[in-house]
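> just to be clear, the model below is a prediction. Sequence and coordinates:
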Amino acid sequence: MTTPQNEITSAMDLLDENGRLKEAGWARKPLWRYDRSRIRAPWHRIKEWDYYAVLSGDYGLTLTLSDLSYCALVAVCWLDFKKRTFTQIESMRYLTCGDIGFPPSSESGDLHYEDSKMKIEVEIKGNQRVIGIDAPAFVSAQGARGLAAEIALDQDPAMDSMNIATSWEKNRRAFYYNRKINNMPATGSVVIGDHTYPFSPRSASACLDWGRGNWTYKNRWYWGSLSTMVEGKPFGLNLGYGFSDRTPATENMIFFDGVAHKLGQVTFHFNPADYMKPWTIDSDDGRLNIDFEPIVDRNSALNLFVIASIQHQVFGYMTGTAILDNGEEIKFDRVLGFAEDVFNKW
């Protein structure tokens, strides 16, 4: 039997006047109000980020925008699933301490970043998130120079999303507030060199990982995501675990036709010596079973002793079954998604 989870159903402040998480749990909408000024922590413990993954059949694009306080990291990654390659361009800015200007809400506010390597704009226009990228310094794995993107993501305001607020058990001032939005159809294109890669809502879908938090120093997490169509309806998965106290709630959800269905704990089974070997993913309530066939391991390793980040974000095909709250079984076959194993000292 799985542990009951605390569903939040009304809006509230995320933190009290002492900087402690008011109530841990999960929600179908972003009901917690985040106020950075309420955080009671050393400046370097505050982490804010937006991450987008836009996948379309044979290729995909990811965009990372993060302010870790001691530095900001912005990264654009192009994925070629036919050639099984990835190419990433990164930019860092030091001692930012929140100066990048991440908005306090996942539903409003724009982001802009510019330096000699790239210019990034993310704007929310009604029910669309519009991503603009100009990265002239980008060089693909095949040698093509320059990357420019203009992609609009449609977000259905009635659709459920994954929202979670948890703390580290010994210190409720250390918290993790996160929203994940699946199943956003994508329209636009990416131009690399002289080749244009179209994104059509018939075949391209995106997810957003929106996070704000006061983090402890050392953490390892596992996250997986899938967004596709099954039986002509949007179907998605958000799966994650590994850090903070998840007793009040997990972030594991099935999405079908805009409605969230809550899962218990999940486990990723893989070979950490070879991330390209097949994985399996399952849940303790028996409602999720996935065979995962890797295509590309988007990996990186930074180890500066005090600061470290070892990342394996593995993209590939997921095949399996998911059982909704009403007992209906959804089957999916070789659907493009990803699962990751990340260790940070930050």
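It's in.

> going by C-alpha atoms from here, please, whenever you check contacts or count neighbours.
Will do.

> okay, which residue is most central for the protein?
D209 (3.1 Å; Cα atoms, centre = their mean).

> the host helix or strand of that one - contacts with which helices or strands?
Under the criterion of DSSP states H and E, D209 resides in strand 205-214. Packing contacts for strand 205-214, counted by 3 or more Cα pairs under 8 Å, 6 or more residues apart in numbering; DSSP states H and E, involve strand 46-56, strand 171-192, strand 218-230.

> now render those strands as JSON lines, adding distance to V74, mean neighbour count and mean pLDDT.
What follows is the helices and strands packed on strand 205-214, written out as JSON lines (distance: least, Cα to Cα, whole Å; neighbours: other Cα atoms under 10 Å; pLDDT from 0 to 100):
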{"stretch": "strand 46-56", "distance to V74": "10", "mean neighbour count": "22", "mean pLDDT": "97"}
{"stretch": "strand 171-192", "distance to V74": "18", "mean neighbour count": "22", "mean pLDDT": "96"}
{"stretch": "strand 218-230", "distance to V74": "20", "mean neighbour count": "19", "mean pLDDT": "96"}
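
> tell me which of the ones you listed lies nearest to D333.
With Cα to Cα, the closest approach to D333 among these belongs to strand 218-230: 9.6 Å.

> any idea of the angle the closest one forms with strand 205-214?
Inter-element angle recorded for strand 218-230 and strand 205-214: 150 degrees (by axes from the mean of the first three to the mean of the last three Cα atoms, to 10 degrees).

> between strand 171-192 and strand 218-230, find me the angle.
Using the same axes, to 10 degrees: strand 218-230 against strand 171-192 is 50 degrees.

> strands paired with strand 218-230, and their directions?
Here strand 218-230 is paired, per DSSP bridges, with strand 233-241 (antiparallel), strand 329-345 (antiparallel).

> need the winner for burial among those.
When these are scored by mean count of other Cα atoms under 10 Å, the highest mean neighbour count falls to strand 233-241 (a mean of 21).

> how far out from the middle of the chain is the helix or strand that that one is followed by?
As assigned by DSSP H and E, the chain's next helix or strand after strand 233-241 is strand 253-256. A distance of 15 Å separates the centroid of the chain from that of strand 253-256, by Cα atoms, centre = their mean, to the nearest Å.

> who touches strand 253-256?
For strand 253-256, the external contacting residues (Cα atoms under 8 Å, 6 or more residues apart in numbering) are 160, 162, 182, 233-239, 260-263, 322, 324.

> what mean pLDDT does the helix or strand following that strand have?
Where DSSP H and E defines the elements, the next helix or strand beyond strand 253-256 is strand 259-262. Strand 259-262 comes out with an average pLDDT of 98.

> mind listing residues that contact the helix or strand just after strand 259-262?
Per DSSP H and E, the first helix or strand lying C-terminal to strand 259-262 is strand 266-269. Identification of contacts with strand 266-269 by Cα under 8 Å, 6+ apart yields 222, 239-241, 252, 279-284.

> dump those residues into JSON lines; add distance to K22 as well.
Formatted as JSON lines, the contacts of strand 266-269 follow (distance: Cα to Cα, whole Å):
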{"residue": "Y222", "distance to K22": "25"}
{"residue": "L239", "distance to K22": "24"}
{"residue": "G240", "distance to K22": "22"}
{"residue": "Y241", "distance to K22": "21"}
{"residue": "N252", "distance to K22": "22"}
{"residue": "W279", "distance to K22": "37"}
{"residue": "T280", "distance to K22": "36"}
{"residue": "I281", "distance to K22": "32"}
{"residue": "D282", "distance to K22": "31"}
{"residue": "S283", "distance to K22": "28"}
{"residue": "D284", "distance to K22": "28"}
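
> tell me the two of the residues you listed that are most distant?
N252 and W279 (17.6 Å).

> that older thread, now the strand holding D209 against strand 46-56, angle please.
170 degrees.

> neighbours of Q265, how many?
20 (other Cα atoms under 10 Å).

> from what I can see it touches T247, true?
No: between Q265 and T247 there is no contact under Cα atoms under 8 Å: 9.8 Å.

> could you find the closest non-adjacent residue to E340?
Q313 (4.2 Å; Cα to Cα, 6 or more residues apart in numbering).

> which residues touch D67?
Applying Cα under 8 Å, 6+ apart to D67 gives the contacts 47-49, 73, 96-98, 100.
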